[in-house]
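[1] Just a sequence and a predicted model for now, questions to come.
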Amino acid sequence: MTNHWVDIKNADLILIMGGNAAEAHPCGFKWVTEAKAYRKARLIVVDPRFTRSAAVADYYAPIRAGSDIAFLAGLINYLLSHDKIHHDYVRSYTDFSFLVKADFGFENGIFTGYDPEKHSYDKASWGYQLGDDGFVLTDPTLQDPRCVYQLMKAHYARYTPEMVSTICGTPQDAFLKVCEMIAETSASDRVMTIMYALGWTQHSQGSQMIRTGAMVQLLLGNIGKPGGGMNALRGHSNIQGLTDLGLLSNLLPGYMTLAGEKEQDFAAYLDKRSPKPLRPGQLSYMQNYPKFFVSTMKAWFGDAATAENNWAYDWLPKLDKTHDILQVFEDMNAGKMNGYICQGFNPLASAPCKIKVSGALSKLKFMVVIDPLATETSEFWQDHGEYNDVDPTKIATEVFRLPSTCFAEEDGSLVSSSRVLQWHWKAANPPGEARADQEIIAGLFLKLRELYAKDGGAFPDPILNLTWRYKQPHFPSPEELAREFNGRALADVTDPKDATKVLVKKGEQLNGFAELRADGSTACGCWIFAGAWSEKGNLMARRDNSDPYGIGQTLDWAWAWPANRRVLYNRASCDPAGKPYDPSRMLVAWDGVNGRWGGSDIPDFKPDSNPTDGMGPFIMNPEGVARFFAVDKMADGPFPEHYEPMESPLANNPMHPDNPLARANPAARVFKGDWDSFGKPDQFPYVATTYRLTEHFHYWTKHCRSSSVIQPEQFVEIGETLAAERGIRSGDHVRVRSNRGHIVAVAVVTKRLRSLSVEGKQVHTVGIPIHWGFMGVARNGYLTNTLTPFVGDANTQTPEFKAFLVNVEKIQTIV
Amino acid sequence: MALQSLDIQARSATTTPMPGVRGTLDVAKLIDISKCIGCKACQVACMQWNDLHGEIGHNLGSYQNPQDLNDTTWTLMRFFEVEPEPNRLEWLIRKDGCMHCADPGCLASCPAPGAIVQYSNGIVDFHQENCIGCGYCITGCPFDIPRLSKTDEKVYKCTLCSDRVSVGLEPACVKTCPTGAITFGSKTDMIDHAEERVTDLKERGFAHAGLYDPAGVGGTHVMYVLQHADQPELYGLPRDPAISPLVEIWKGVTKPLAIATMALVGFASLFHYVTKGPNAVSKEIEKEEEEA
Amino acid sequence: MNLSRRQFFKVCAAGAGTTSLALLGFSPDAALAEVRAFKLANATETRNTCPYCSVGCGILIYTLGDRSKNAHAEVIHIEGDPDHPVNRGTLCPKGAGLLDFVQSENRLKYPEYRAPNSREWQRITWDDAFTRIARLMKEDRDANFVATNEAGQTVNRWLSTGMLAASASSNETGYLTHKFARSLGMLAFDNQARV
């Protein structure tokens, strides 16, 4: 979230699209009901299903699953053509006036640089025109046809209300009603927030859906303001934290990135990640990258990381490509992998195309499962009848199942969607011999290190030199680990302006990332968490909930990254002169008397930069402003474009009916063998979408009695029209088939799933809740990922669980 | 009554007058259906607080689970897909449970002394140790709330968390409600809050929004804000609930009858109770009800 | 009022049967009615965070006993933390039922091992588990570690064993897990954020 949960109460309009906050995040959703009750805010829900969020919305518009870019692109067109944009904001804080390279272009659904063989783009033309001084050329009059504003206007003019309706199935009047309501928030004193979740990420064009939403918010001037922002509602209690800590194939802590194998030169690696400002007077904060990187390497490898060995740069693995979960199961299925460790992760249930995942796991030599619960993955080899029909005697994988603690049995911190790190305390001992996760990791690591120390082996250096300064080596305490990722001074850290002034003494905890150094004098495991555990103690454990400004900031409750800041880009809540656009909801303002920024939040800005300096509010971008034109940052184009889901009821993309290359995302990665696994609409005519129900959490609460009482058994939702066509009544058992397998479930026939008219034909949607499986106390069911396609978003490789094709039939007797 | 943490103002099948000097706060729970997201947190909080471990049932084609109130389900979300206007779908979700009537039909119809009490704060509570399982309270309830347990042949329903309220806490369902659709306080405050909500709903186009606090049962200590107060049936609520005529008669007519005549019947009943136990009694009554 | 003969009889019978008993001083109940005693009066309260979605609701865990040495702290109840600025005491249906997660009958209690082609689990000790897993990992790493690629570039990676990290484990666990995985040279490394 750019903003945070409580801040939603400051919104005048809430758009829930690509998510279902009332069901998936009920306690966060309370701030929507507060905004409605006490700010007279309105709530709009756009969703293929009339959800429990829609049940309390002021306006609901249906949409075909997977067509959100078309809807939002139509909204951009509406805002531009009706002049409902925040002029001051877009001129001052965005790339509206930036000139784009002359050879960048877009034709019949494809951007310049496309290679159909590789299914990817050469992005050389996706950039700015630069002057001799290295700065981007601009046209403040916005008349130049190569300026971002003009290119964007032309790009989205194609998304007329008629086109939106024909692609999305949203009735035109409903689409226009949503446009009108949203357009009102282009005023300085009206703010909209967008709340989204996996309904936008789980598409082959998911990242671009989110970008289109962000572009709408920028046009309206709603980023950086209280009650505004782009608010990603994370799905698990600490995937925010695990992402912040970089536990992804290509990341390092704090969103630093691992080097590719071609990046053999350390200086070039740093240089590429430390961009110089692209406009005069801009901060380009990531120029500090070397400080963050070196400090992490010092935290990990201690004295073994030296200037001479480039701080152990060579010890980090170098990427040939990203080994995301889909790539890994592809490789595993091809017999290229031998071992796999699943720590609190249930991929048999969570990864797409169960038959492929199950086959892949069967090819492993060994698998280790660390979990508090008996998961499906841990028993992928076991015969569970129709729900997991395998022959154990034919599966040679050795499996270890190690019991871990749950929340109630451990200390530690979690990062909420609001980016707030909150400490929690142990209440009881775990059952049996279960152990804390860090104890299990320590047990494995120390055993491995012992073997490498004794017997040697492949490249033991990083293993033998990994820092392990824990008082009980077999039980690194959460306190020690938190202090380590916060960071400490390895030598006195002095003020860069005055070398005699010591900011932090040797051995002390750091107060924040501003104190990090690139000379090896600081160690910090995760730079964005610096400040969480300073010499003041554990700030994540703070419990002062006072809210002096009355807008829900509570700066003394726990600790938020970065720097305890609660609303990102908050400088943009003020006009260029530093005055809040809406003084009744002040986050920060320029205090001319003291020459500083201040207010109800920690300024997301250089705290002493006078507005007359002209520094832009988006300090993480070398431009200092927000980008409508994504330059080369996205895999599938600088401007979002509608493409059909990989499995779509339409033969062609209505935007580009005569170009088969532009039917689905041209840059989506599809593995060779998977093309045949995609179904066609003649056999699988209905759009399926999978989702959570409010009664359950993922694949966990089917192990809990109370959740299983209130939602006991697997079901699918079918609209009344489709049900009538297929002779299905509520309570019947139905078989839902995709080209990859089938599930059997109870039918819930409902008015809430409407058939939509798409390109003149009726498209039906089948809703498939995800929560059941063959382990647990709820009634056994099929893993819904039996049905889903093995393809992900072109940028993130997040699987396309939200739009694919199925067929449905009633079954007379339950087998 | 000195041992009571809550004063009792009415007690089933008891003619001894209740103490009435102390004036305590009238409490009420307000359920704003326009804020309810049907998440069932209240259902779970109720089960957890009251140590109820229900059956894991089946899905019969609906979000509503369990399908009905039962001895371990004292509150239940009921789901209604309605179109009060053409092409305007509304998904109305109502938390069902005891209304804690000011004039409780269950208490009036209960023949077991002290099985049902009404505290002076308005809570109507069942005391299972006194319950004989006759099921008359079920007939007497205009909202079809109490449920007879097959486990112990006693009747159960929402207590409005009398054990929490008696120590100064709100009921478990109120505390847990994520959206604030359930609020709790003095009945006066709840009526004021309902007025605010009705004003907000009218401003959003619900011309007939209103409070459900039916006079036929003397008002209730659980009230609803309805978007369509003119059509309580949309939510499965009775339009004009009142105490059943059966109960009115037993209160109004039979009580003054000559005690001498009744003694005989009384001893006969007791004999029946002692020899066959509550199970047999209740089953006979159930059968009679079916026939009637 | 419209009553059938049968109904009238029923009312009379019930009315007569019970009031008369009370009036004659023969009531089946002897005890005074009292509300159920407040069950958390002296339970120990511990502050924690809900492990499900990312709202990060504050919870209060109530355990049996006062933490004296001989009292086994059993979790008996969980409800929302009223001081928490986001949830303000509220919990959703999952959070309100967290006790059932702690006490789930499917909680794992002991390390277990499933041999190749076997149909069943067998219980093993932690030390056994660590030793055997570490050997399998080392064997694979030593056999398949890539120090340099075909172009002769230093890559120091291990692709034949991978890891998925938990979505509800703490930052402290996550941080340690990251150190562990990268020190081994793992790249087939992801967490729940990917899906």
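    Good, I have the coordinates.
[2] helix/strand/coil for whichever residue of the stretch 101-250 of chain B sits closest to chain C?
    Here the stretch 101-250 of chain B gets closest to chain C at one residue, B:Pro111, 3.2 Å apart by CB to the nearest CB. Every residue, glycine included, has its C-beta placed from N, CA and C. Recorded secondary structure, B:Pro111: coil (DSSP: H, G, I helix; E, B strand; the rest coil).
[3] What count of nearby residues applies to it?
    Look at B:Pro111: counted by other CB atoms under 10 Å in any protein chain shown, it has 22 neighbours.
[4] State the three-state secondary structure for B:Lys29.
    strand.
[5] show me what contacts it?
    For B:Lys29, the contact set (CB atoms under 8 Å, 6 or more residues apart in numbering or on different chains) comprises B:100, B:160, B:171, B:173-174, B:182-184, B:190, B:221-223.
[6] Recalculate using a threshold of 7 Å.
    B:160, B:171, B:174, B:182, B:184, B:221-222 (CB atoms under 7 Å, 6 or more residues apart in numbering or on different chains).
[7] just to revisit the earlier point, wouldn't the residue of the stretch 101-250 of chain B closest to chain C be in contact with B:Cys134 here?
    Yes: judged on CB atoms under 7 Å, B:Pro111 makes contact with B:Cys134 at a distance of 6.1 Å.
[8] mind listing the helices for chain B?
    Using DSSP state H, the helices assigned to chain B run over residues B:41-49, B:105-109, B:136-140, B:162-165, B:172-176, B:187-203, B:245-249, B:259-291.
[9] what about the third one, near chain C?
    Yes: where contact is defined by CB under 7 Å from any CB of the partner chain, part of helix B:136-140 touches chain C, namely B:Tyr136.
[10] With the first one instead?
    Yes: legend: contact between helix B:41-49 and chain C by CB under 7 Å from any CB is shown at B:41, B:43-45, B:48.
[11] Now the stretch 51-200 of chain B against chain A: closest residue?
    With CB to the nearest CB, the shortest gap between the stretch 51-200 of chain B and chain A falls at B:Gly61, namely 3.0 Å.
[12] Leaving out sequence neighbours, find the closest residue to A:Gly359.
    A:Asn333 (5.7 Å; CB to CB, 6 or more residues apart in numbering or on different chains).
[13] if I pick the one you found, what's in contact with it?
    So A:Asn333 contacts A:356, A:359-360, A:363 (CB under 7 Å, 6+ apart).
[14] Show me which residues of chain B are close to chain A?
    So far as CB under 7 Å from any CB goes, chain B lies against chain A at B:34-35, B:37-41, B:43-44, B:47-48, B:53-54, B:56-62, B:65-66, B:81, B:89, B:91, B:93, B:178-180, B:200, B:204.
[15] Make a PyMOL selection of the buried ones in those.
    Per 16 or more other CB atoms under 10 Å in any protein chain shown, the buried members of these correspond to this PyMOL selection:
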select buried, chain B and resi 34+35+37+38+39+40+41+43+44+47+48+54+56+57+59+61+62+65+66+81+89+91+93+178+179+180+200
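[16] taking the residues of chain B next to chain A one by one, which sit in strands?
    B:81, B:89, B:91, B:93 (DSSP state E).
[17] Go through those residues and name the one nearest B:Ala13.
    B:Ala13 has its nearest neighbour among these in B:Ile93, at 37.0 Å by CB to CB.
[18] That closest one reaches A:Ala55, doesn't it?
    Yes: with contact defined as CB under 7 Å, B:Ile93 counts as touching A:Ala55 (6.5 Å).
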